[in-house]
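K.L.:
the following block contains a protein sequence and its predicted model.
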Amino acid sequence: MSHPFSAAAAPDLPPHPSAASSPPPPRAGEPALSVRGLVRVFGRPGTPEAKVAVDRVDLDVPRGSFFGLVGRNGAGKTTMLSMATGLLRPTAGSVRVTGVDVWAEPRRAKQLMGVLPDGVHLFDRLTGRQLVTYSGLLRGMDRETVARRTEDLLHAMDLSGDAGTQVQDYSAGMTKKIALAGALIHAPSLLVLDEPFESVDPVSAANIRAILHAFVAAGGTVVVSSHVMDLVQRMCDHVAVLDRGRVLAAGTVDEVRAGASLEDRFVELVGGRAGAGEGLSWLRPE
Ligand SMILES: Nc1ncnc2c1ncn2[C@@H]1O[C@H](COP(=O)(O)OP(=O)(O)OP(=O)(O)O)[C@@H](O)[C@H]1O
């Protein structure tokens with residue numbers, strides 16, 4: 001019997017949609033995502049307030065990979081992924097999705113992508129079912145396909161029972177899952193997920209991982225950002241370590257961890273835990 005949380009319950013998600021407005025075919029030999037010289041400065045450049053959040057990043061995400069982007073708080077992960085997905089304009093540099101320039105041809109590029117941004121701001125007066133349905137209709141998909149995939153996705157995310165509830169009444173984890181369902185409905189070639197497991201319970205997280213693995217097995221590419229090294233080591237085949245807006249290491253997980261655990265290697269790369277707990281000598285029970 002097909003268990004509701006098993007990979008077998010993953011919705012029908014070939015990497016290329018049968019939507020009315022077909023996306024451009026991937027260009028042979030192009031990485032799924034290619035970033036060159038990417039820079040983002042917040043605040044006026046040259047002023048003391050200027051903050052270089054992403055600093056001349058070059059990165060290739062191979063097609064068919066499950067790619068983890070890891071870094072400390074404030075390392076620049078969200079800023080980089082926002083630029084990569086057309087949500088935040090780069091100060092400099094370029095981004096291509098299977099050869100399509102995200103900032104020169106945003107409509108074409110966005111057809112190829114499914115995006116789960118960090119701190120998603122959803123139309124939360126909609127019910128879960130309406131939100132997923134509109135995600136599909138806005139992509140130009142036909143109603144019948146949208147209706148079928150919406151039910152598949154609600155089931156796969158264990159949200160069928162809450163499909164008629166407004167998203168504003170969802171928990172943080174449910175909100176994450178419904179946003180992910182909306183990002184999957186057009187069966188994109190590339191999924192970019194910022195912290196997809198944050199606030200998500202372990203059963204739902206395992207379910208989402210199974211869906212993502214099935215998607216990669218079908219030829220899709222997934223990029224996830226995460227702080228959880230153990231998860232990235234187990235789940236991803238490629239990883240990039242970002243720190244202070246720069247890529248410190250990138251490659252297959254085995255190349256980057258170089259025989260150590262990814263967590264140990266990460267701490268080594270970003271400079272360890274110097275000063276942890278110092279200056280808090282007062283922090284003890286009276
Ligand atoms: N809108 C903004 N205005 C000014 N500075 C910003 C803005 N957004 C991000 N930053 C700064 O850019 C840097 C990178 O932030 P970013 O959110 O990309 O990091 P992150 O790696 O995603 O962190 P976290 O893991 O905590 O989510 C931080 O120093 C942050 O303060």
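P.N.:
That came in fine, so what should we check first?
K.L.:
poorly predicted segments of this protein, please.
P.N.:
Counting by pLDDT under 70, the chain has low-confidence residues at 1-28, 119-120, 272-277.
K.L.:
what segments of it are strands?
P.N.:
33-42, 51-61, 66-71, 92-97, 100-101, 113-116, 190-194, 221-226, 238-243, 246-252 (DSSP state E).
K.L.:
format those strands as a markdown table; extra columns: distance to the ligand and mean neighbour count.
P.N.:
In short, each C-beta sits where N, CA and C put it, glycine included. Shown next, in a markdown table, are the strands of the chain (distance: least, Cβ to the nearest ligand atom, whole Å; neighbours: other Cβ atoms under 10 Å):
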| stretch | distance to the ligand | mean neighbour count |
| --- | --- | --- |
| strand 33-42 | 3 | 19 |
| strand 51-61 | 3 | 19 |
| strand 66-71 | 5 | 26 |
| strand 92-97 | 15 | 20 |
| strand 100-101 | 22 | 18 |
| strand 113-116 | 13 | 24 |
| strand 190-194 | 7 | 25 |
| strand 221-226 | 7 | 26 |
| strand 238-243 | 7 | 24 |
| strand 246-252 | 12 | 17 |
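K.L.:
any chance of the ones you listed in a markdown table, plus distance to Asp142?
P.N.:
A markdown table is the format used below for the strands of the chain (distance: least, Cβ to Cβ, whole Å):
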| stretch | distance to Asp142 |
| --- | --- |
| strand 33-42 | 28 |
| strand 51-61 | 30 |
| strand 66-71 | 30 |
| strand 92-97 | 24 |
| strand 100-101 | 24 |
| strand 113-116 | 18 |
| strand 190-194 | 22 |
| strand 221-226 | 25 |
| strand 238-243 | 35 |
| strand 246-252 | 39 |
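K.L.:
wait, which of these is closest to Ala205?
P.N.:
Of all those, it is strand 221-226 that lies closest to Ala205, at 11.0 Å by Cβ to Cβ.
K.L.:
now what about the closest one, what contacts it?
P.N.:
Residues external to strand 221-226 that are found in contact with it (Cβ atoms under 8 Å, 6 or more residues apart in numbering): 32-33, 61-71, 77-78, 81, 84, 118, 189-197, 212, 215-216, 232, 235-236.
K.L.:
need the CA coordinates for it. CSV is fine.
P.N.:
Extracted as CSV, the C-alpha positions of strand 221-226 are listed here (Å, rounded to 0.1, in the frame of the first residue of the first chain):
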residue,chain,number,x,y,z
THR,A,221,17.8,20.3,-10.0
VAL,A,222,17.3,21.5,-6.4
VAL,A,223,19.2,24.2,-4.6
VAL,A,224,18.5,24.5,-0.9
SER,A,225,20.0,26.8,1.7
SER,A,226,20.4,25.4,5.2
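K.L.:
ok, that strand: who's next to it in the sheet?
P.N.:
strand 66-71 (parallel), strand 190-194 (parallel) (DSSP bridges).
K.L.:
can you lay out these as CSV showing distance to Phe266?
P.N.:
Putting the strands paired with strand 221-226 into CSV (distance: least, Cβ to Cβ, whole Å) gives the following:
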stretch, distance to Phe266
strand 66-71, 6
strand 190-194, 18
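K.L.:
could you pull out the helices for this structure?
P.N.:
77-84, 106-111, 128-138, 143-156, 172-184, 202-217, 229-235, 253-257, 262-270 (DSSP state H).
K.L.:
quick check: residues of the protein near the ligand?
P.N.:
Phe42, Lys51, Ala53, Gly71, Asn73, Gly74, Ala75, Gly76, Lys77, Thr78, Thr79 (Cβ under 6 Å from any ligand atom).
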